[in-house]
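[1] how would this look folded up:
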Amino acid sequence: MLDQLCFEQALSVLRDRKQAGSIRGYVEASLLANQGIADSGLILPLGLQVNLPEFVLETENTTVRLWDDG
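    Below you'll find the predicted structure:
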């Protein structure tokens, strides 16, 4: 399955299940990079070449202070 493939790729790079599971939009980007892959069905056929794009980690460190306006 494409989502499992994306997760396994992210896990092999990051070596952290929580970070790998929190990547957003990676499956959708993979669908765009592999036009027509959805026609293969839920389980991808053996030997199918899949182009996995680079993923981006969102590092949002938001600090809220009591004296901030908003």
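[2] name the helices or strands packed onto the helix or strand of the chain with the lowest mean pLDDT?
    Every helix and strand of the chain was ranked by mean pLDDT, DSSP states H and E. The lowest is helix 17-21, at a mean of 92. For helix 17-21, the packing partners by 3 or more C-beta pairs under 8 Å, 6 or more residues apart in numbering; DSSP states H and E come out as helix 2-14. C-betas here are computed from N, CA, C, even on glycine.
[3] export the helix it packs on as PDB, just CAs?
    The C-alpha trace of helix 2-14 is given here as PDB (Å, rounded to 0.1, in the frame of the first residue of the first chain):
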ATOM      1  CA  LEU A   2       1.300   3.500  -0.800                       C
ATOM      2  CA  ASP A   3       0.700   4.900   2.600                       C
ATOM      3  CA  GLN A   4       2.700   2.100   4.200                       C
ATOM      4  CA  LEU A   5       5.500   2.600   1.700                       C
ATOM      5  CA  CYS A   6       5.600   6.300   2.500                       C
ATOM      6  CA  PHE A   7       5.700   5.600   6.200                       C
ATOM      7  CA  GLU A   8       8.500   3.000   5.800                       C
ATOM      8  CA  GLN A   9      10.500   5.400   3.700                       C
ATOM      9  CA  ALA A  10      10.100   8.200   6.300                       C
ATOM     10  CA  LEU A  11      10.900   5.900   9.100                       C
ATOM     11  CA  SER A  12      14.100   4.700   7.400                       C
ATOM     12  CA  VAL A  13      15.300   8.300   7.000                       C
ATOM     13  CA  LEU A  14      14.200   9.700  10.400                       C
END
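[4] for the spatially most central residue of the chain, what are its contacts?
    What sits nearest the mean C-alpha location of the chain, by C-alpha atoms, centre = their mean, is Tyr26, with 2.8 Å. By C-beta atoms under 8 Å, 6 or more residues apart in numbering, the residues touching Tyr26 are Cys6, Ala10, Pro53, Phe55.
[5] let's see it at 6 Å
    When contacts are counted by C-beta atoms under 6 Å, 6 or more residues apart in numbering, Tyr26 touches Cys6, Phe55.
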